[in-house]
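Asker: Quick one: sequence plus predicted model below, questions after.
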Amino acid sequence: MGFSKILLGLFGWKAVVNLKGDIPPKAVVLTVPHTSYWDFFIGFFTYKALGLNARYLIKQEAFFFPLGSIIKSVGGIPVRRGKNNVVEDVVNEINKNDNFLLTIAPEGKRTAQLTWKTGYHRIARGANIPVIVGFIDYKTKTCGMQDVFFTTDNFEKDTIELMKYYKNMEGKIKEGFTLPDEVYK
């Protein structure tokens, strides 16, 4: 915990939690904006600085020797892309555990996306867990959690509400992060 906090500080970063209550033991944690591979390292050390362990989904192709065992040891869950029941598999894994923070970049890519993938929402609904508004803001060099959000049956409405949290944030690659006009209304 201390080493990670010191390491973040050396690079000018700060880990923050601005939740009104405790961090839920199970949640989908959004990581937005996601524009660079560096986001993983900043996020990883932020979790460690906060004394938390996170899980994340990563394409199965990354799990080759010896990298695969390292990825698993730091929370990676292999995903076979194109597999129809990924959400169901993840929900089952969440339900088997007492503590499970699943970090997801809902944009799905590190390039500018006006829409988010539905997976974060389907997992939260399927496991009946909240979404934590996690962030990585290169403008302020802060990374952490700022709110707990309970999803409804309306993916589009929920996503626009969640996107509003990020309208003043910047990714490492500024042009790699954009939001739809509805967010600014």
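Answerer: All right, it came through fine.

Asker: Just the mean pLDDT for stretch 102-109, thanks.
Answerer: The average pLDDT for stretch 102-109 rounds to 88.

Asker: start to end distance for it?
Answerer: Taking CA to CA, to the nearest Å as the measure, stretch 102-109 stretches 17 Å from start to finish.

Asker: Please give the centre-to-centre distance between it and its chain.
Answerer: Here stretch 102-109 is found 5 Å from its chain centre; the criterion is CA atoms, centre = their mean, to the nearest Å.

Asker: For this structure, which segments count as helices?
Answerer: 2-10, 38-49, 67-73, 86-95, 119-127, 155-163 (DSSP state H).

Asker: out of those, which comes closest to Arg80?
Answerer: helix 86-95 (7.4 Å; CB to CB). For the C-beta atoms, the positions are set from N, CA and C on the backbone; glycine is no exception.

Asker: between the closest one and helix 119-127, how many degrees?
Answerer: Helix 86-95 runs at 50 degrees relative to helix 119-127, counting by axes from the mean of the first three to the mean of the last three CA atoms, to 10 degrees.

Asker: which strands and helices sit next to helix 86-95?
Answerer: Other elements packing on helix 86-95 under the criterion 3 or more CB pairs under 8 Å, 6 or more residues apart in numbering; DSSP states H and E are strand 76-79, strand 100-104, helix 119-127.

Asker: how close does the residue of the chain positioned farthest from its centre sit to Lys72?
Answerer: Distance from the C-alpha centroid of the chain peaks at Phe65, with 25.6 Å (CA atoms, centre = their mean). Phe65 is 12 Å from Lys72, where distance means CB to CB, to the nearest Å.
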